[in-house]
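Student: Here's my sequence, what's the structure:
(2 chains)
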Amino acid sequence: MNRSHLWCLRGLLLCTLTGIWALLASDAEMAFFIGHPWQVLQQLWHWLAGGTGTLVIDWDGQPLFSLYFPGPLYPHLLVTLAETLAALALGVTSGLLAGIWLGLSPGLAAVLSPFVKAANAVPRVILAPLFLLWFGLGMPSKIALAMSLVFFAVFFNVYQGVREVSPALLANVRLLGANRLQLVRLVYLPSAMGWVFSSLNTVTGLAFVGVVVGEYLGAARGVGYLILQAEATFDVNAIMAGIVVLTACALCLDAVFGCIERKLRAWRGPDQ
Amino acid sequence: MSHALALQMRAIRVVRGAVTVLDNVHLQVAPGEFVCLLGPSGCGKTTLLDLAAGLGRPSAGQVICMGRPVEGLNLLIGYLFQQDALLPWCTTLDNVCLPLRLRGIAPGKARREGRQWLERVGLGRFADYHPAQLSGGMRKRAALAQVLAHDAPVLLMDEPFAALDAQLRQAMQELLMNLWEQQRKAVLFVTHDLDEALTLADRIVMLSAGPDARTQYDLTIDLPRPRRMLTLRSDPEYQHVYRQLWQKLHAQPATTERGARS
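Tutor: Predicted structure coming up:
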């Protein structure tokens, strides 16, 4: 199957599913619950190009400057994306460092293991009220919630990865005269980065979940907040439009990370 | 007297749990001498090499390298592993330069020297490839270049060519011989292949079948150097020594049985 063929089939599948949806939604009572694809599109158009949107950037309560957009969606989307990227950056970095550190200190890892397991076993969404209480309604509480999801996913991957580095590889680099710091830089860090990239797919999804749930539970901005508003007015079409926006963003981020990964991991060779 | 030896292992005993892996093993490698350690698989050859490298400690006995007892990692040796041990995320050139960079040699000088080593093992055109893009034989050449660039006085080699096909193995043996004859370092080369041992060695040390392997036979090989692969195997002396060693090697199961009965 060549590429254009593949994309044709994918398009066809999308059209079929949308068609079934439209057919089901032709019944007015049904449409109240599942929305109508056409109206979802209209909602998206309104969000993107109908009216205006303003985002006031402030620092410590003082407004710094304002951004103006051609639609009401952009400020919310920008906030959600900023929160997601911040949570990813912080969660991946901290997970990477903690994973390498614990992976290299078996004693410490043994002491901490039940605590780490307990922390990971807590359903993270339950922490949202705590984070709201601690960090307020703004961005930090959403970043904290998403970070708590991202951190553990990256941490466990890296921890496992560090412990599974080939013993021959380690022995070789040590015998060639590397000290502990050089060993981390030459062997553990690149090896762990491979694990980070392979978990990035899952982790991006987790970051979105954390951020949107956080916004949904208490915020004044963000796509999750938009969806909450739509729910309050039984506006199924707006909820659906919000889902479409989030899915599109997650796919875009995924594509970008995939691209970076292919560039950085040229060493994997053509076969893998 | 001991300082005259590159590597000396005295009364080595290794116990792992209830099993004695090595028992009362004595081994010496003089400077510039190529010693092959021969023995059936599982008799503890790799364990012995790891002791020499300081990657493990003997339960009893002593390892002395260049006149100094080995405690902890032995940085006076270069170790060519059986498995791939190149950094997969570095290019061939960066891998070969690694020991030079770790020794603190400036990047430019290290790269020049690294390129020379790659040329010598016939990988000049593949400096910018990653290990995953090379064939198994090419990866072995790169590993050989790396360990030779390390320039340690003693080389340990653990069946480095065992995973290669017969033709490639001969080519690698020839390459190793040529490079070794220029440098004349002390080499301890582990193999279970009689032909390989006879082609390369000045001296062959044979371990008996494990468990509780001990040095069983020590034979100096007087075949003239440089040795030519093509003519070597038709040499009557070669064939004579081959038969002798073959009989020794195949008399081994008896040792194990006797060990099992007692």
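
Student: Give me the phi and psi for A:Asp60.
Tutor: With angles defined as degrees, to the nearest 10, A:Asp60 sits at phi 60, psi 40.

Student: Make sure I have this right: B:Ala163 is in a strand.
Tutor: No. Looking at B:Ala163 with DSSP: H, G, I helix; E, B strand; the rest coil, it is coil, so not inside a strand.

Student: What are the contacting residues of stretch A:88-103?
Tutor: Residues from elsewhere that reach stretch A:88-103 (C-beta atoms under 8 Å, 6 or more residues apart in numbering or on different chains): A:108-109, A:112, A:116, A:143, A:146-159, A:161-163, A:184, A:188-189, A:192-193, A:196, A:200, A:203-204, A:207. All C-beta spots, glycine's among them, are computed from the backbone N, C-alpha and C.

Student: next one: stretch B:76-83
Tutor: So stretch B:76-83 is contacted by A:166, A:168, A:171-172, A:175, B:7, B:46, B:49, B:52-53, B:65-66, B:68, B:143-144, B:147-148, B:150-160, B:162-163 (C-beta under 8 Å, 6+ apart).

Student: Just the C-alpha atoms of that stretch, please, in CSV.
Tutor: Provided in CSV are the C-alpha atoms of stretch B:76-83 (Å, rounded to 0.1, in the frame of the first residue of the first chain):
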residue,chain,number,x,y,z
LEU,B,76,46.8,-0.8,33.0
ILE,B,77,44.9,-3.2,30.7
GLY,B,78,42.8,-2.8,27.5
TYR,B,79,39.9,-5.2,27.4
LEU,B,80,38.3,-6.4,24.1
PHE,B,81,34.9,-7.8,25.1
GLN,B,82,33.1,-10.7,23.5
GLN,B,83,29.9,-8.6,23.3
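
Student: Can you mark which positions in it are buried?
Tutor: Residues of stretch B:76-83 classed as buried under the neighbour-count rule (16 or more other C-beta atoms under 10 Å in any protein chain shown) are B:76-82.

Student: cool, stretch A:116-125 as well?
Tutor: Residues of stretch A:116-125 classed as buried by neighbour count (16+ other C-beta under 10 Å): A:116, A:124-125.

Student: would you list every one of the strands in chain A?
Tutor: A:53-59, A:62-69 (DSSP state E).

Student: Tell me the confidence at the residue of chain B found nearest chain A?
Tutor: Here the residue of chain B nearest chain A is B:Ala132; by C-beta to the nearest C-beta that distance is 2.9 Å. With respect to pLDDT, B:Ala132 scores 90.

Student: do the same with A:Pro140
Tutor: 92.

Student: B:Gln252 too?
Tutor: B:Gln252 is assigned 60 on the pLDDT scale.

Student: do B:Leu155 as well
Tutor: pLDDT at B:Leu155 comes out at 94.

Student: That one against B:Ala186, yeah?
Tutor: Yes. Here B:Leu155 reaches B:Ala186: they are 7.0 Å apart, a contact under C-beta atoms under 8 Å.

Student: ranges for the helices of the stretch 1-150 of chain A?
Tutor: A:3-25, A:28-34, A:37-49, A:73-104, A:106-121, A:128-135, A:139-163 (DSSP state H, counting those that start in this stretch).

Student: Need the three-state assignment for the residue of chain B closest to chain A.
Tutor: Quick answer, by three-state DSSP: B:Ala132 is helix.
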